[in-house]
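Enquirer: Need a 3D model of the following:
(one chain, ligands or ions: 2)
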Amino acid sequence: MYQIKTYNVISNVGLAVFEKDKYEINGVTEPDALLIRSQNLHRGVLPVSLLAIGRAGAGVNNIPLDKASENGVVVFNSPGANSNAVKELIVAVLIMAARPIIPAIGWVNTLNSGEDADVTLQAESGKNHFRGTELAGKTLGVIGLGAVGSKVADTAKQLGMKVIGYDPNISVEHAWKVSNDIPRAGSISEVLKDSDYVTIHIPYTEKNKDLISAKELLTMKKGAVLLNYSRDGIVEEAPVLSALESGQISQYWTDFASDELVTHENVMVTPHLGGTTEEAEDNCAEMVANTLCKYLETGEIEHSVNFPSVYMPFNSPYRLTLLHQNVPSMVSKIATVLAELNINIANMINSSKGDYAYTMIDVDEMDTKLYDEFEQKCLDIDAIIRVRGLKNPQID
Ligand SMILES: NC(=O)c1ccc[n+]([C@@H]2O[C@H](COP(=O)([O-])OP(=O)(O)OC[C@H]3O[C@@H](n4cnc5c(N)ncnc54)[C@H](O)[C@@H]3O)[C@@H](O)[C@H]2O)c1
Ligand SMILES: O=C(O)[C@H](O)COP(=O)(O)O
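Expert: Ligands and ions are numbered 1, 2, ... in the order given. Next up, the predicted model:
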């Protein structure tokens, strides 16, 4: 039985992917895989037994990726699976930023509804205090045109907004999705200077830390509205609060609470709600549970953030998989071990991603003693991190 340990609230649709005769969820044995959402794994140690981590969601800054890679732990996320949920929340936020809906409802709730009070008349007479503006014709700057940003950009265009996007590393997949009549800026400042609203949809990385800080805020159009539904840490809080005080920006909407932000009248904080819809939770958990099962059972890798995607039909009775550093001569070193042990290769694939690589070899003959020898000889090679042997469940 494979052992899966979950953290956070994982949708039942995702958990149902794990067949009961093959998987135990949250048992007492050390886990083969973790299935998590925003659980901070930087704090603990990764169990020695761990083969994989599935992040039901997009952001992986809660996972120690370097440590995982060094230990041969493959990390998966669920790209795009919650992007529609975030897009819809951004549309709601843009409308709420333009129209004072929340304070207006709050005010109506305070109206006196005693016997002689005419609440209808009071409400009508006060509405002018809650005049808003329209989004149509205003400019939205979108920083990051990935799964979320590309959807936000297109929807804002449909709402009649002028949209300008910035993403120097946009993927081919998302470039196709962004309408041709959305201009692409050459720099962040180009987006900031003309936008009435700016929304950020990028991952938290060392490079993106404090991406929006005092200098960038000064570049923004006076009185603009800033949205951060990506991650805390991408927008530096203290300069945002100063920019709100000076009127340089008029509102800051974010999904990430902090002591400083929650008490400010022009900061609106939602409790990390971007991906919290029934549909998104189901989509994310189902996608990542499927990729975890595929990796554990067949060795194939899809949607990993630290190892390459590798697919090879599993037609032989046995499969050997090797996670290793992306350095020269690995394939020939592995082939030498196979030759020394007189193991014939039925099929083989090797692929790399950044500093790491993956080799899968299908073989027709294998037994426990031979596998143990193969594993030991391979682990004696410096750059090899992890070796697994899999039996094809379709072949007796
Ligand atoms: N609030 C939420 O609940 C919620 C939900 C989903 C995603 N997120 C956050 O939003 C981020 C984006 O999600 P996604 O699904 O669109 O991811 P994605 O990987 O599909 O897209 C991210 C895009 O950002 C671009 N990018 C990276 N750095 C950039 C920079 N400095 N300037 C401009 N573009 C840059 C990349 O090239 C990529 O195209 C996630 O990493 C996560 O942190 C938050
Ligand atoms: O990166 C993500 O997918 C979002 O921030 C959602 O995080 P959550 O799964 O903890 O809600």
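Enquirer: Can you tell me the element the residue of the stretch 101-250 of the chain at minimum distance from ligand 2 falls in?
Expert: Of all residues in the stretch 101-250 of the chain, residue 231 sits closest to ligand 2, at 7.3 Å by Cβ to the nearest ligand atom. From N, CA and C alone the C-beta is placed, and that goes for glycine too. Using DSSP states H and E, residue 231 sits in no helix or strand.
Enquirer: I'd assumed residue 201 was in contact with it.
Expert: No - applying Cβ atoms under 8 Å, one finds residue 231 not in contact with residue 201, separated by 10.2 Å.
Enquirer: Counting neighbours, go ahead and name the busier of these two.
Expert: Comparing residue 231 with residue 201 by neighbour count (other Cβ atoms under 10 Å), the higher total belongs to residue 201, at 29 against 21.
Enquirer: so the more buried one sits right up against residue 140, yeah?
Expert: No - assessed by Cβ under 8 Å, residue 201 is found out of contact with residue 140, at 11.7 Å.
Enquirer: hey, what's in contact with both of these two?
Expert: Here residue 201 and residue 140 share the contacting residues residue 152, scored by Cβ atoms under 8 Å, 6 or more residues apart in numbering.
Enquirer: Can you point out the buried residues in stretch 48-66?
Expert: For stretch 48-66, the neighbour count (16 or more other Cβ atoms under 10 Å) marks 50-64 as buried.
Enquirer: and the residues you listed near ligand 2, which?
Expert: 57-59 (Cβ under 6 Å from any ligand atom).
Enquirer: quick one: which helix or strand includes the residue nearest the centre of the chain?
Expert: For the chain, the residue sitting closest to the mean C-alpha position, by Cα atoms, centre = their mean, is residue 58 at 1.2 Å. Assigned by DSSP H and E, residue 58 falls within no helix or strand.
Enquirer: what residues are up against it?
Expert: Contact analysis of residue 58 by Cβ under 8 Å, 6+ apart lists 77-83, 147-148, 203, 275.
Enquirer: Now for those residues: which two are most distant?
Expert: Farthest pair in the contacts of residue 58 (Cβ to Cβ) is 81 and 203. Separation: 15.1 Å.
Enquirer: Quick check: the gap between the residue nearest to the centre of the chain and residue 178.
Expert: In this view, residue 58 and residue 178 are 18 Å apart by Cβ to Cβ, to the nearest Å.
Enquirer: Repeat that for residue 382.
Expert: Distance from residue 382 to residue 178, by Cβ to Cβ: 44 Å.
Enquirer: For these two, work out which one has more neighbours and name it.
Expert: residue 178 (21 against 10).
Enquirer: My read is that the more buried one contacts residue 150, right?
Expert: Yes - assessed by Cβ under 8 Å, residue 178 is found in contact with residue 150 at 4.8 Å.
Enquirer: How about the residue of the stretch 101-250 of the chain closest to ligand 2: what's its closest non-neighbour residue?
Expert: residue 204 (3.8 Å; Cβ to Cβ, 6 or more residues apart in numbering).
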